[in-house]
Structure formats: structure tokens, C-alpha cells
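Q: With the sequence up front, the predicted model follows.
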Amino acid sequence: METTSPISAPRKRRPRPQLVSLTEAAAARVREILSEREQGYLRVGVKNGGCAGMEYVMDYVADISPMDEVVTDKDVTIVVDAKAVLFILGSVVDYETTILHSKFVFRNPNQTDACGCGESVTIVPVVDA
């Protein structure tokens, strides 16, 4: 008698959280910046540095690297450096204007600490994504 093993259906994956989202203010500022440049993308990432250990970085790129993640939110497309994905998963990027500054601000659920000047942060990477 021949026994066959039942073929199981592929496991349903849980929905992946959005990598990064933008507030209306951040989306409007990114649109404004990119319209002045006429082409390219805003690229978001992190790098080692500062007294708390890591710094957020933003730069303009003409092309998307094959390993980069592409995020579209509020009709704005940004690029996320592949090396930063586990560090900024679930972050909200805002654009803040006060009397003293106008800047992008990251609200990151993985951030555990920040230095006093606010330029660097401590981030615990997400390992169960």
C-alpha cells in the first residue's frame, strides 16, 4: 500500500507593517524638494555616529539601488537604504518648523535613547519582522 503525504497549503503570512510612513507635512516638503530637483528620489537611512550611536541620514539619489526598499505614501515615493530597514521599521517621518529650525523628524518605535543635542539616537533593530 502506497502512502502519500498530504500537501499542505502555503502558510498565510501575517501582514507586513509599512516600513516607513510620512505625515502630511513631510510628504508636502518632500514633494516640494523633489519638484525643485526635477528628478530623483529622497533616500533615507542610518549610519553609525554621534554620542548615542546612530544618526538618521537623508540624501538625494538619481536612481534606486537594487537592494533599496521603495516606499510610497501620500503620493510620495522615497527610497530606504537596505541596511537601515531593521532600524527604522515602523517609523513615521514628520517635517517640523519652529522658530529655531525646520527639519525632518523621525518618530521611531525602535529608538530607545537620544543624545542631548538630538543629533544621534540609540536604535534596537527589529529582528522579528
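A: Structure received. Because the structure is a prediction, the values reported are computed rather than measured. Numbers count the residues shown, from 1 in each chain.
Q: Quick check on the spatially most central residue of the chain: phi, psi?
A: Geometric centre of the chain, nearest residue: residue 20, 4.3 Å, by C-alpha atoms, centre = their mean. As for residue 20, its main-chain torsions (degrees, to the nearest 10) stand at phi -140, psi 140.
Q: wait, it sits on residue 87?
A: No: counting by C-beta atoms under 8 Å, residue 20 stays clear of residue 87, with 10.9 Å between them. (Each C-beta comes from the backbone N, C-alpha and C, glycine too.)
Q: I'd like the distance from the host helix or strand of residue 78 to the chain centre, please.
A: Using DSSP states H and E, residue 78 sits in strand 76-80. Mean-position distance between strand 76-80 and its chain equals 8 Å (C-alpha atoms, centre = their mean, to the nearest Å).
Q: now swap in stretch 66-77 and tell me
A: Relative to the centre of its chain, stretch 66-77 is centred 9 Å away, using C-alpha atoms, centre = their mean.
Q: Can you list the neighbours in contact with it?
A: Residues from elsewhere that reach stretch 66-77 (C-beta atoms under 8 Å, 6 or more residues apart in numbering): 18-22, 24, 27, 30-31, 34, 41, 43, 64, 78-82, 85.
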